[in-house]
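*Asks:* Please find the sequence and the predicted model below.
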Amino acid sequence: MIKRVLLTIWLQIWFYFLAGIQIVIYFPFLVIILLFPKGYEMLYWVARNLWARIILHGSGYYVEVENKDKLIAETNCLMIANHSSHMDPFLMLILNKKPFRFVGKKELYSLPLFGYLYKKAVIMVDRSDSRSRYAVYGRANTMLERGYNVCIFPEAHYWDDTVLLQEFKRGAFKIAIENQLPIIPIIFYDLKLKHPWYPKFGSIGKLRVKVLDKINVDNLTEKDISSLTKKAFDIIKGELENDPKQSAVKAVNNWKKILS
């Protein structure tokens, strides 16, 4: 019982405190900088160098990145990663010095203060609305034209921790093919075990990240979306399955035992 309470305080209450108190402190400044033409770049700097780092390091984590140089590209790219924790977006921010845009769920827009900044920074999608899902393509194209990379966590229904990697949605790969964007797969090995969605277990320490070789989409067309989606899914799942430390696999087994 005591362990469960402590995990709840650390994984949820402390996390939301670190995230929320910074938004309150920075909010007046961020509203002002967003009035400037380069406002998003300044917002991104704050999000990456202050907000994300304080949350991540303040929660007891440090990051080890393999193949970070593979994030560098001459053209715009689509970044994808497995999504297994509240910490994933902050880890993605720390990885990328160059500003990019997330595609994120519209529900977060309703949060006080944060929702205003979220709307300015993220390509929002209402997953329950087919028109909203379709409109994402146009908004993503606009961001790409402005020189930003785009990041999508492509898993569907990622809240089920008894599954190592959920099936991928096709939308990310449609964007990649339509814009001829190379895809950068990124593996987050440890967060499913160390900072899961629900406070049943967890630990502090090193978070391992691996940037994989780009998946080129040259000459692919709409009919190739399904095969490209499967290829990306198989690559990321294979990395998680073959992880020498088996972190994500252990997390899945933990959840199966808890729920059995």
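*Replies:* In hand now; what should we look at? Numbering: from 1, shown residues only.

*Asks:* So Tyr148 versus Thr75, what's the distance?
*Replies:* Relative to Thr75, Tyr148 is positioned 12 Å away (criterion: C-beta to C-beta, to the nearest Å). Bear in mind the C-beta positions are built from the backbone N, C-alpha and C, glycine included.

*Asks:* Leu228 too?
*Replies:* For Leu228, the distance to Thr75 equals 17 Å [C-beta to C-beta].

*Asks:* returning to that earlier point: Tyr148 and Thr75: which is more packed in?
*Replies:* Tyr148 (19 against 11; other C-beta atoms under 10 Å).

*Asks:* Let me know whether that one touches Pro99 as I believe.
*Replies:* Yes. Tyr148 lies in contact with Pro99 (C-beta atoms under 8 Å); the separation is 6.1 Å.

*Asks:* out of everything not next to it in sequence, what's closest to Pro89?
*Replies:* Using C-beta to C-beta, 6 or more residues apart in numbering and skipping residues adjacent in sequence, the residue nearest Pro89 is Phe102, 6.6 Å away.

*Asks:* so which strand or helix has the one you found?
*Replies:* Phe102 is part of strand 100-105 when elements are defined by DSSP states H and E.

*Asks:* Please write out the alpha-carbon positions of that strand in PDB.
*Replies:* Extracted C-alpha coordinates of strand 100-105, given in PDB (Å, rounded to 0.1, in the frame of the first residue of the first chain):
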ATOM      1  CA  PHE A 100       9.700  20.400 -35.000                       C
ATOM      2  CA  ARG A 101       5.900  20.100 -34.600                       C
ATOM      3  CA  PHE A 102       4.100  17.300 -32.900                       C
ATOM      4  CA  VAL A 103       0.800  15.900 -34.200                       C
ATOM      5  CA  GLY A 104      -1.200  15.700 -30.900                       C
ATOM      6  CA  LYS A 105      -4.700  14.900 -29.700                       C
END
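
*Asks:* Direction included, what does it pair against?
*Replies:* Counting by DSSP bridges, the strands paired with strand 100-105 are strand 123-125 (parallel), strand 149-152 (parallel).

*Asks:* Let me see the mean pLDDT of the last one.
*Replies:* Confidence for strand 149-152, expressed as mean pLDDT, is 92.

*Asks:* could we number from 483 for the rest of this?
*Replies:* Understood, numbering begins at 483; the last thing we discussed is strand 631-634.

*Asks:* for this protein, what helix or strand is lowest in average pLDDT?
*Replies:* In the chain, the helix or strand scored least confidently by mean pLDDT, DSSP states H and E is helix 612-627, which has a mean of 68.

*Asks:* Touching stretch 711-727 from outside, list them.
*Replies:* 562-564, 636, 646-647, 649-652, 655, 665, 667, 669, 671-672, 690, 692, 694, 697, 730-731 (C-beta atoms under 8 Å, 6 or more residues apart in numbering).

*Asks:* what about the protein, any weak spots by pLDDT?
*Replies:* 607-619 (pLDDT under 70).

*Asks:* residue closest to the middle of it?
*Replies:* Pro571 (3.9 Å; C-alpha atoms, centre = their mean).

*Asks:* three-state assignment of that residue?
*Replies:* Three-state call for Pro571 (DSSP: H, G, I helix; E, B strand; the rest coil): helix.

*Asks:* chain center to the strand holding Phe584, what's the gap?
*Replies:* Chain-centre distance of strand 582-587: 8 Å, with C-alpha atoms, centre = their mean, to the nearest Å.

*Asks:* Would you mark the buried spots in that strand?
*Replies:* Going by neighbour count (16 or more other C-beta atoms under 10 Å), the buried part of strand 582-587 is Phe582, Arg583, Phe584, Val585, Gly586.

*Asks:* got it, and stretch 672-684?
*Replies:* So for stretch 672-684, counting by 16+ other C-beta under 10 Å, buried means Asp672, Leu673, Lys674, Leu675, Lys676, His677, Pro678, Trp679, Pro681, Lys682, Phe683, Gly684.
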